[in-house]
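**Q** Need coordinates for the following:
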Amino acid sequence: MLTIVIITIAIALIFDFLNGMNDAGNSIATVVATKVLSPKLAVAWATFFNFVAFLVFGVTVATTIGKGIVDSSVITGDPLFILSALIASCIWVYYCTHKGIPISVSHALIGGIIGPALLKGGINAIFYIGILKIFIFIVLAPVIGFILGYLIMVLTLWIWGKKPPSKVDKYYRVLQLVSSAAFSLGHGGNDAQKTMGIIAILLFSTGYLGGEFYVPLWVVLSAQSAISLGTLFGGWNVIKIMGTKLTHLKPVGGFCAETAGAITLFGVTLAGIPVSTTHTITGAIMGVGVTRRVSAVKWGVASNIVTAWIFTIPAAIGLSALIYWIFTLLHLSV
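**A** Here you go, the predicted structure:
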């Protein structure tokens, strides 16, 4: 049992690392695209704020992941359940990152958890309220990001009026450092907590936490470190798509998109709701883009991203269920 638990924790941290790689595009794409920071400085900037996020937000999202998606009785004493979820999530995230597809790493993990639960306990093993909340915010997160991005950009344009673009950009090159830091803080606060939650439920279900569910400090620090390292290495194909192929951004637009994304992430993280940082920043970038004209957003690229969102949870469910079934077929024991 202990050996499988250790292996599963290691894979969880690999998943968190891949999360940081794929979602580096969310944290730094705009600040790189606007040339406010070089790619290397941008990832270092984002890495720091990813790491310190737990000091601001605590572990409310981790608790939701650990207790609010599936009945813990189907996981109790079965580390292969969590192992299957993580392997499936890693496969999907690595494939999409390699192909430069911005996806919701959060939803890959959630789908990975649901797959073995359905196979082992049927539909009664699923907590519908928790799943419903997540699915609602699959829609709401990008919509909120879009609306806030649009409104903040319109307000900014109104404040500056007909000031020369060069003068506006001079100020927003500095302000974008703040907005990028804020978004990275929100990213680290929401996304790293998902790995914390999965490790905590693994430890709880195998009896290593005692009789009460909580998230140990070493789990918090390990998850924050892994996602920060992933961001440091970065998924450059994803960064290119998010920063340059969705719409053209200047420092003022980058600031507005990141601010909109950060506000959204701060709110949902404090409420303990796991959301997709990819969905959020994509919506915010599109909201900024349409303030120039609707055609300023490359809707073909946007539709490809949305397609990947739609397939992520079903793909992760299918993969994790298949992996768990193979473990069962091989009569692997713990």
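**Q** I'd like to know how many residues surround F311.
**A** A total of 17 residues lie near F311 under the criterion other C-beta atoms under 10 Å. All C-beta spots, glycine's among them, are computed from the backbone N, C-alpha and C.
**Q** Can you check the pLDDT for it?
**A** The per-residue pLDDT reported for F311 equals 85.
**Q** And for A296?
**A** Listed pLDDT for A296 reads 58.
**Q** Could you do the one 5 residues further on as well?
**A** Taken from the predicted model, the pLDDT recorded for V301 is 61.
**Q** do W236 as well
**A** Confidence at W236, expressed as pLDDT, is 55.
**Q** cool, the one 3 residues further on as well?
**A** For I239, the pLDDT comes out at 55.
**Q** Now name the helix or strand holding the residue nearest to G68 when sequence neighbours are not counted.
**A** Nearest non-adjacent residue to G68, counting by C-beta to C-beta, 6 or more residues apart in numbering: G130, 3.7 Å away. Assigned by DSSP states H and E, G130 belongs to helix 128-160.
**Q** List the first helix or strand encountered after that helix toward the C-terminus.
**A** Helix 128-160 is succeeded, C-terminally, by helix 165-205 (DSSP H and E).
**Q** pretty sure the residue nearest to G68 is in contact with T64, am I right?
**A** Yes - applying C-beta atoms under 8 Å, one finds G130 in contact with T64, separated by 6.8 Å.
**Q** what about G211, neighbour count?
**A** 6.
**Q** Just to be sure, it is in a strand?
**A** No - under DSSP: H, G, I helix; E, B strand; the rest coil, G211 falls outside any strand and is assigned coil.
**Q** How many neighbouring residues does the residue nearest to G68 have?
**A** By other C-beta under 10 Å, neighbour count at G130 equals 18.
**Q** quick one: the helix or strand harbouring I9 to helix 165-205, angle?
**A** In this assignment (DSSP H and E), I9 forms part of helix 2-33. Here helix 2-33 runs at an angle of 170 degrees relative to helix 165-205 (axes from the mean of the first three to the mean of the last three C-alpha atoms, to 10 degrees).
**Q** Next secondary structure element downstream of helix 2-33?
**A** Moving toward the C-terminus from helix 2-33, the next helix or strand (DSSP H and E) is helix 39-51.
**Q** Dump stretch 254-266 to PDB, keeping only the CA atoms.
**A** Taking Å, rounded to 0.1, in the frame of the first residue of the first chain, the C-alpha atoms of stretch 254-266 are listed here in PDB:
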ATOM      1  CA  GLY A 254      -2.900  42.900 -21.800                       C
ATOM      2  CA  PHE A 255      -3.500  44.800 -18.600                       C
ATOM      3  CA  CYS A 256      -7.200  44.800 -19.000                       C
ATOM      4  CA  ALA A 257      -7.400  41.000 -19.900                       C
ATOM      5  CA  GLU A 258      -5.100  40.000 -17.000                       C
ATOM      6  CA  THR A 259      -7.100  42.200 -14.600                       C
ATOM      7  CA  ALA A 260     -10.400  40.800 -15.700                       C
ATOM      8  CA  GLY A 261      -9.000  37.200 -15.300                       C
ATOM      9  CA  ALA A 262      -7.500  38.000 -11.900                       C
ATOM     10  CA  ILE A 263     -10.700  39.400 -10.500                       C
ATOM     11  CA  THR A 264     -12.600  36.300 -11.700                       C
ATOM     12  CA  LEU A 265     -10.100  33.900 -10.300                       C
ATOM     13  CA  PHE A 266      -9.900  35.700  -6.900                       C
END
